[in-house]
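*Asks:* Sequence plus predicted model, see below.
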Amino acid sequence: MAKETVLITGASSGIGLELARLFAADGSDLILVARREASLQALADEMAASHGIAVMVMAEDLSDPSAPGRIADTLAADGVEVDVLVNNAGFGLRGPAADLDLQRQLDMLQVNVTALTHLTRLLLPPMVARRRGGVLNVASTAAFQPGPYMAVYYATKAYVLSFSEALTEELGGTGVTVSCLAPGPTATEFADTADMRDTLLFRSGTQGADVVARAGYDGFRRGKAMVIPGLKNRLIALSVRFSPRPLVRKIVKALQA
């Protein structure tokens with residue numbers, strides 16, 4: 001079997017970084033995408049030295065609508081075929097939707113939804129043609145309910161979940177795997193960016209990024225359509241299905257106030 005090439009967005013820290021380490025340890029060549037070129041290059045040097053793999057660094061800001069096209073064009077020009085796409089890049093913001101900066105909310109839609117969709121559409125057809133490969137999309141347990149005080153973020157993750165599950169069915173029998181990783185609160189930079197550290201949601205406990213990444217990686221390798229790390233998170237996601245929607249909204253509001 002030919003060596004696998006994996007493209008990971010948001011690879012400079014958190015879950016993306018830990019996923020990069022797991023794929024590298026498995027001998028996969030990597031394409032690391034994030035805004036911070038210095039962090040990416042340090043990671044690339046570490047991976048190449050530790051695992052003897054090829055690592056390409058692409059410093060791109062996925063809030064720029066033209067970034068996915070540039071990524072695909074660069075890969076095509078270099079003759080690089082992507083076998084696995086990991087759509088991990090994303091961010092959240094806490095606060096009333098009417099008060100949060102409009103451009104930052106539009107950037108969130110661009111990164112969490114549009115860039116993810118754009119990259120998938122650009123890189124998925126060759127996988128289908130080769131009848132091998134896969135997509136691992138990183139959503140969140142936020143995907144299972146509305147999120148007062150993080151309305152746009154929760155809505156973006158609901159999109160990622162729905163999109164991933166639909167692709168799973170569309171691609172059945174093609175040899176291409178689509179998995180959705182939906183972690184709960186995780187100890188990464190996300191909480192600081194989103195201003196979530198002091199919320200009841202994060203004070204109630206977090207998982208390590210390495211634990212979440214391992215669950216997502218193992219689930220993807222096993223062909224699981226959905227991966228929710230941690231029993232508590234799985235129970236919460238399940239309970240939402242059987243709870244009155246007004247009650248769910250009020251509970252989430254209290255957790256994020």
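*Replies:* Great, that's in hand.

*Asks:* and stretch 22-33, which residues are buried?
*Replies:* Going by neighbour count (16 or more other CB atoms under 10 Å), the buried part of stretch 22-33 is Leu22, Phe23, Ala24, Ser28, Asp29, Leu30, Ile31, Leu32, Val33. C-beta here means a position set from N, CA and C on the backbone, and glycine is covered the same way.

*Asks:* Settle this for me: the third one is touching Ser50, isn't it.
*Replies:* Yes. The pair Ala24 / Ser50 is scored as a contact, 7.1 Å apart, by CB atoms under 8 Å.

*Asks:* What is the burial count for Leu247?
*Replies:* 10 (other CB atoms under 10 Å).

*Asks:* what's the helix or strand for it?
*Replies:* Using DSSP states H and E, Leu247 falls within helix 245-256.

*Asks:* just checking, what packs against that helix?
*Replies:* When contacts are defined as 3 or more CB pairs under 8 Å, 6 or more residues apart in numbering; DSSP states H and E, helix 245-256 packs onto helix 200-203.

*Asks:* where does the closest residue to Val86 other than its chain neighbours fall, helix, sheet strand or coil?
*Replies:* Leaving out its chain neighbours, the residue that sits closest to Val86 by CB to CB, 6 or more residues apart in numbering is Ile8, at 4.2 Å. Each residue gets one of three states, and Ile8 gets strand by DSSP: H, G, I helix; E, B strand; the rest coil.

*Asks:* partners of Ile8 in the sheet?
*Replies:* Leu32, Val86 (DSSP bridges).

*Asks:* Pretty sure Ala215 is one of the things Ser179 touches, is it not?
*Replies:* No. Counting by CB under 8 Å, Ser179 stays clear of Ala215, with 10.6 Å between them.

*Asks:* Can you check which residues contact both of these two?
*Replies:* Val227 (CB atoms under 8 Å, 6 or more residues apart in numbering).

*Asks:* Between those two, which has more neighbouring residues?
*Replies:* Between Ser179 and Ala215, Ser179 has the larger neighbour count (other CB under 10 Å), namely 24 against 19.
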